[in-house]
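Peer 1: below is the sequence, then the predicted model.
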Amino acid sequence: MKRVLFALVFIVPPFLIACGGPQAEEAPQESPAPMSIQVTQVQQRDMADTLHLFGRVAFVQKTRLASQFAGRLDRFQLLPGDAVQKGQIVGIIVPPQKEALSRLNHDASDPQINELINQHVKTIPLTAPVTGSVIALYHHSGDVVQAGEAIA
């Protein structure tokens, strides 16, 4: 008796509720345009596994820009995507000796000493080794670089 009562109270009402209630009206659907279909017989043939294309193959050469000397990178303004020409000066390397002497003279600010420093300790121009485009930068102006370290 308890089972029948349990079934009447808990199991039957959800079914009755689910079966009843207002029905949503369906919107009339437009029928798709008729399509023509062509049927043929299956045939056995050889498939070509060669594809003939016309084009141009270019060798992509990647070269890293590096200095032969250690120092501070200065006047370096390259950005990714910039075009450079072979031999173009893209920055300068200021040797550590010139940095140290310039800092010592900064307190005195003697123009004759500055002139002597510039005559005897030269900055080193950084030139592009090949014509091309900059892909990535590893250092920026003001960074200290070691000899042989990649800059761009």
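Peer 2: Thanks, I have it. None of the values given here were measured: they were computed from a predicted structure.
Peer 1: going forward, measure contacts and count neighbours with C-alpha atoms only.
Peer 2: Noted.
Peer 1: how about the strands in the protein?
Peer 2: 71-74, 83-84, 89-94, 124-127, 132-133, 144-145 (DSSP state E).
Peer 1: who touches the fifth one?
Peer 2: Counting by C-alpha atoms under 8 Å, 6 or more residues apart in numbering, strand 132-133 makes contact with 80-86, all of which sit outside it.
Peer 1: go with 7 Å
Peer 2: Residues from elsewhere that reach strand 132-133 (C-alpha atoms under 7 Å, 6 or more residues apart in numbering): 81-85.
Peer 1: first vs last residue of stretch 45-55, how far apart are they?
Peer 2: This stretch, stretch 45-55, spans 30 Å end to end (C-alpha to C-alpha, to the nearest Å).
Peer 1: quick one: distance of that stretch to the chain centre.
Peer 2: Between the centre of stretch 45-55 and the centre of its chain there are 35 Å (C-alpha atoms, centre = their mean, to the nearest Å).
Peer 1: distance of residue 124 from residue 69?
Peer 2: Per C-alpha to C-alpha, residue 124 is found 8 Å from residue 69.
Peer 1: low-confidence bits of the protein, can you list those?
Peer 2: 1-28, 106-109 (pLDDT under 70).
Peer 1: now tabulate the strands of the chain in JSON lines and tack on mean neighbour count and distance to residue 32.
Peer 2: JSON lines is the format used below for the strands of the chain (neighbours: other C-alpha atoms under 10 Å; distance: least, C-alpha to C-alpha, whole Å):
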{"stretch": "strand 71-74", "mean neighbour count": "21", "distance to residue 32": "69"}
{"stretch": "strand 83-84", "mean neighbour count": "15", "distance to residue 32": "55"}
{"stretch": "strand 89-94", "mean neighbour count": "19", "distance to residue 32": "65"}
{"stretch": "strand 124-127", "mean neighbour count": "18", "distance to residue 32": "67"}
{"stretch": "strand 132-133", "mean neighbour count": "16", "distance to residue 32": "54"}
{"stretch": "strand 144-145", "mean neighbour count": "18", "distance to residue 32": "69"}
